[in-house]
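Colleague: sequence and predicted structure are below.
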Amino acid sequence: MFTSLEEKRQLIEDLELLDHAVTKRLKVNPKIYNPKDPKLNHNILTTKRKISKSITITQKHEVKKLMEKYNKTNLKLLKLLNDEMIELNDKKILKRPEYEKGDFSYFFETCDGSINSTTAPSIERESLKDFEVYDIFSCNENYPEIKVKIDELEDPTNMISNLAMRIKEAKKSGYLEKHRVLSSYTTDIKLSKIFSTEEVFGTQLDLKRFYKLWLSLPRYTSLSQDNLPKYKFFFKNLITRDGIVKIDTIEYKDYLKSLIQYLTEYYEKVYPLDILKESEEKLEFKHDHLFCLTCNRQFSKDTVYNSHLSGKKHVKAEPRSEEVLSFESKIAYLINFELKNQYNTTLQELERIDLLTVRELELEKRENKPKDSGEDLSLYQLFGTNFKLIKKIRQRNTFDSDDSEDELVDSEDSDGEDDEDEKLYNPLNLPIGVDGRPIPFWLFKLKGLRHEFKCEICDNASFQGRNTFNKHFKEATHINKLKEMGVTDNFIIFKDISTKKEVQKLLDTLQQKHREQLHFIDNTEEVEDDHGNAMNKKVYEQLAKQGLL
């Protein structure tokens, strides 16, 4: 038999190591603790280090796993401390004669046996010590060498002295090489497993699966197979009520449930340390004017709409549609508030891809480099000295700064910069090309992108370039807007018309011609009565009804 003292000591030591590991990560990268609620952000720790968003998200997931381990260990320790039977057993063992005489050899043997039997953190390599399991970069095979370099970087005595020598040694000895930033305990965390390729490490949404579900939803009028809405149209109108979809069906409710589940899980992946709050107010899907979300009906007049709201049909439909409206409210809250940046980024990317030609798309696929795994980082980016600050200190102390210092300042800035944080020089605000940089100005002028065209029919949407503007006349968005204005067929006639006034004028003209044509047909068709008198068919029918023939 042995006491639980050693097990308690191990648990307490584990708690201290976990606490130190989390604190160390917050110290070197304060972006890990960046809550969405400004009231919870202390703004005490700040850094000018340029660490990529993918690295920050990786470390957030690492901190979350460490905190989960901390909570489990803490509960286990509390259970041992509050167990009276274990405490009585420990007291009985410690009252044995050999322990009272000071002979603890048997006690140490039992403790050594308990160390091997208890659930201590798993160690992958023999060279890794117990207290190094939670260290940054400890998942790498050469961690002992990395740790020596980290200790040198964190040593304050060498901050100013021998700076030039340390710069040259850093380049030769591989301080700027990148290593996996994770610890040995969290080595299984990989952003490639957490996010899909289309989600781009939590910067974009991937709703293509829900686009297919949306196309197959039951509708009052089925979609035309020749002119199906594109994925961009679905994504842009994600929180807009589609009036032709039957909202009281099981398929629509399952579609909303699965969409809420995806958005909630996506939020937990992007913000692993934040808690998703419930919306304080009830939000609604976007809809047209005089549209009843409860009954899924469109009205033409205010009087009819207002009388409908107090009618029996509307009152009876409210309990049935309450569940659907609550689902739509959650989706609108997630898109408009919690995942607004990801939604806008995805929409901009879809609009950019839509402007590319087939050749440009193929070139982009060929030249597209694989994304950074989000786990590799150089030691200088986390533990590197602030060389600009050192340079100022040395200038105050009348020390001459040599070329090597300037060289490292430049190298630190260039190596620390991430592609996501890099600010491109774009004073003319040119569109971004397939290579991720602004397109040449001559190409900008050649495509006519400096000219902006607006379409009043599509709610004053703006388009850069004549080709993009002409292309949008064939899209489902523009055609649906024409249908709302009363156009039922011959949409090709309304091409190149972008104002509502011109559409209404042309529609009135076409309707007038149609009426004149019908009137002409009625007047040209002649018939004869019993006496052989010729007259048009309309007059004949009227006389026959009155019995005057």
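Modeller: Thanks, I have it. Numbering: from 1, shown residues only.

Colleague: quick check, Lys253 in a strand?
Modeller: No: applying DSSP: H, G, I helix; E, B strand; the rest coil, one finds Lys253 to be helix, outside a strand.

Colleague: in the longest helix anywhere in the chain, what's buried?
Modeller: Assignment by DSSP state H gives helix 53-81 as the longest helix of the chain. Under the neighbour-count criterion of 16 or more other C-beta atoms under 10 Å, helix 53-81 has 53-66, 69-70, 73, 77, 80 buried. Any C-beta I mention is one placed from the backbone N, CA and C, and that applies to glycine too.

Colleague: any idea which residue sits dead centre in the chain?
Modeller: Taking C-alpha atoms, centre = their mean, the centroid of the chain lies closest to Gln342, which sits 3.5 Å from it.

Colleague: contact partners for that one?
Modeller: Counting by C-beta atoms under 8 Å, 6 or more residues apart in numbering, Gln342 touches Gly202, Thr203, Gln204, Leu205, Tyr266, Val270.

Colleague: now the angle from the next helix or strand after the longest helix of the chain to helix 53-81?
Modeller: Proceeding C-terminally, helix 53-81 gives way to helix 84-94 as the next helix or strand, assigned by DSSP states H and E. Calculated by axes from the mean of the first three to the mean of the last three C-alpha atoms, to 10 degrees, helix 84-94 forms an angle of 70 degrees with helix 53-81.

Colleague: quick one: helix 84-94 to chain centroid distance?
Modeller: Per C-alpha atoms, centre = their mean, to the nearest Å, the displacement of helix 84-94 from the mean C-alpha position of its chain is 54 Å.

Colleague: state the mean pLDDT of that helix.
Modeller: Across helix 84-94, the average pLDDT comes to 81.

Colleague: give me the buried positions along that helix.
Modeller: Neighbour-count burial for helix 84-94 flags Ile86, Asp90, Ile93 (criterion: 16+ other C-beta under 10 Å).

Colleague: domain parsing for the protein?
Modeller: 5-136+174-180, 191-364, 447-512, 513-549 (automatic domain parsing).

Colleague: start to end distance for the first one?
Modeller: Start and end residues of domain 5-136+174-180 are separated by 36 Å (C-alpha to C-alpha, to the nearest Å).

Colleague: about what we covered before: for Glu145, find the nearest of the domains of the chain.
Modeller: Taking C-beta to C-beta, domain 5-136+174-180 is the member of those nearest to Glu145, at 9.0 Å.

Colleague: ok now that closest one, how far from the chain's centre?
Modeller: Its chain's C-alpha centre and that of domain 5-136+174-180 lie 32 Å apart, by C-alpha atoms, centre = their mean.

Colleague: and what of stretch 205-221?
Modeller: With C-alpha atoms, centre = their mean, you get 20 Å for stretch 205-221.

Colleague: pull out the buried residues from that stretch.
Modeller: Residues of stretch 205-221 classed as buried by neighbour count (16+ other C-beta under 10 Å): Leu205, Leu207, Phe210, Tyr211, Trp214, Leu217.

Colleague: and the gap between the fifth one and Leu228?
Modeller: Per C-beta to C-beta, to the nearest Å, Trp214 is found 11 Å from Leu228.

Colleague: could I get the contacts of Gln342 as TSV with distance to Leu382 and pLDDT?
Modeller: Output for those, formatted as TSV (distance: C-beta to C-beta, whole Å; pLDDT from 0 to 100):
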residue	distance to Leu382	pLDDT
Gly202	21	92
Thr203	22	92
Gln204	27	94
Leu205	30	96
Tyr266	28	97
Val270	22	94
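
Colleague: which ones among the residues you listed map onto helices?
Modeller: Among the contacts of Gln342, the members falling in helices (DSSP H) are Tyr266, Val270.

Colleague: surely Lys69 touches Leu18?
Modeller: Yes: Lys69 is in contact with Leu18 according to C-beta atoms under 8 Å; the separation is 6.0 Å.

Colleague: about what we covered before: any shared contact partners between Trp214 and Leu228?
Modeller: Counting by C-beta under 8 Å, 6+ apart, no residue touches both Trp214 and Leu228.

Colleague: centroid-wise, who is the farthest residue in the chain?
Modeller: His531 (83.9 Å).

Colleague: pretty sure that residue sits in a strand.
Modeller: No: if the criterion is three-state DSSP, then His531 is coil and not within a strand.

Colleague: that one and Leu543, how far apart?
Modeller: His531 sits 12 Å away from Leu543, going by C-beta to C-beta.

Colleague: now the element after the host helix or strand of Phe463, going C-ward?
Modeller: Assessed by DSSP H and E, Phe463 sits inside strand 461-464. Sequence-wise, the next helix or strand downstream of strand 461-464 (DSSP H and E) is helix 466-471.

Colleague: give me the helices and strands touching that following helix, please.
Modeller: strand 452-455 (3 or more C-beta pairs under 8 Å, 6 or more residues apart in numbering; DSSP states H and E).

Colleague: and the strand it packs on, C-alpha only, in CSV?
Modeller: What follows is the C-alpha trace of strand 452-455 in CSV, where atoms were taken according to Å, rounded to 0.1, in the frame of the first residue of the first chain:
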residue,chain,number,x,y,z
GLU,A,452,-18.1,52.2,-63.1
PHE,A,453,-21.6,51.2,-64.2
LYS,A,454,-24.7,51.1,-61.9
CYS,A,455,-27.9,49.2,-62.4
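
Colleague: confidence score at Ser138?
Modeller: pLDDT at Ser138 comes out at 85.

Colleague: that one reaches Thr186, doesn't it?
Modeller: No: the pair Ser138 / Thr186 is not scored as a contact, 9.4 Å apart, by C-beta under 8 Å.

Colleague: between the two, tell me which one has more neighbours.
Modeller: For Ser138 and Thr186, the more surrounded residue by other C-beta atoms under 10 Å is Ser138, and the numbers stand at 25 against 22.

Colleague: quick one, strands of the stretch 101-250 of the chain?
Modeller: Secondary structure of the stretch 101-250 of the chain (DSSP state E, counting those that start in this stretch): strands at 178-180.

Colleague: low-confidence stretches in it?
Modeller: Scanning the stretch 101-250 of the chain for pLDDT under 70 picks out the ranges 101-128, 155-176.

Colleague: helices of that one, start to end?
Modeller: Per DSSP state H, counting those that start in this stretch, the stretch 101-250 of the chain carries helices over the ranges 105-117, 143-154, 163-173, 191-194, 208-215, 231-236, 250-270.

Colleague: dump the domains of the chain to a markdown table, plus distance to Lys149.
Modeller: Below are the domains of the chain laid out as a markdown table (distance: least, C-beta to C-beta, whole Å):
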| stretch | distance to Lys149 |
| --- | --- |
| domain 5-136+174-180 | 6 |
| domain 191-364 | 25 |
| domain 447-512 | 49 |
| domain 513-549 | 83 |
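
Colleague: among those, which is nearest Ile146?
Modeller: domain 5-136+174-180 (6.2 Å).

Colleague: okay, now the residue nearest to Pro431 when sequence neighbours are not counted: neighbour count?
Modeller: Nearest non-adjacent residue to Pro431, counting by C-beta to C-beta, 6 or more residues apart in numbering: Ile439, 5.7 Å away. Per other C-beta under 10 Å, the neighbour tally for Ile439 reads 16.

Colleague: again with Gln464
Modeller: The number of residues packed around Gln464, counting by other C-beta under 10 Å, is 18.

Colleague: the chain should start at 22 in everything you say after this.
Modeller: Okay, using 22 as the starting number, the last item reads as Gln485.

Colleague: any idea whether the nearest residue to it once chain neighbours are set aside is helix, strand or coil?
Modeller: Using C-beta to C-beta, 6+ apart and skipping the chain neighbours, the partner closest in space to Gln485 is Leu470 (4.7 Å). Classification of Leu470 using three-state DSSP returns coil.

Colleague: so what's the residue count around Thr208?
Modeller: When neighbours are counted by other C-beta under 10 Å, Thr208 registers 16.

Colleague: if I read this right, it contacts Cys160, doesn't it?
Modeller: Yes: with contact defined as C-beta under 8 Å, Thr208 counts as touching Cys160 (4.0 Å).
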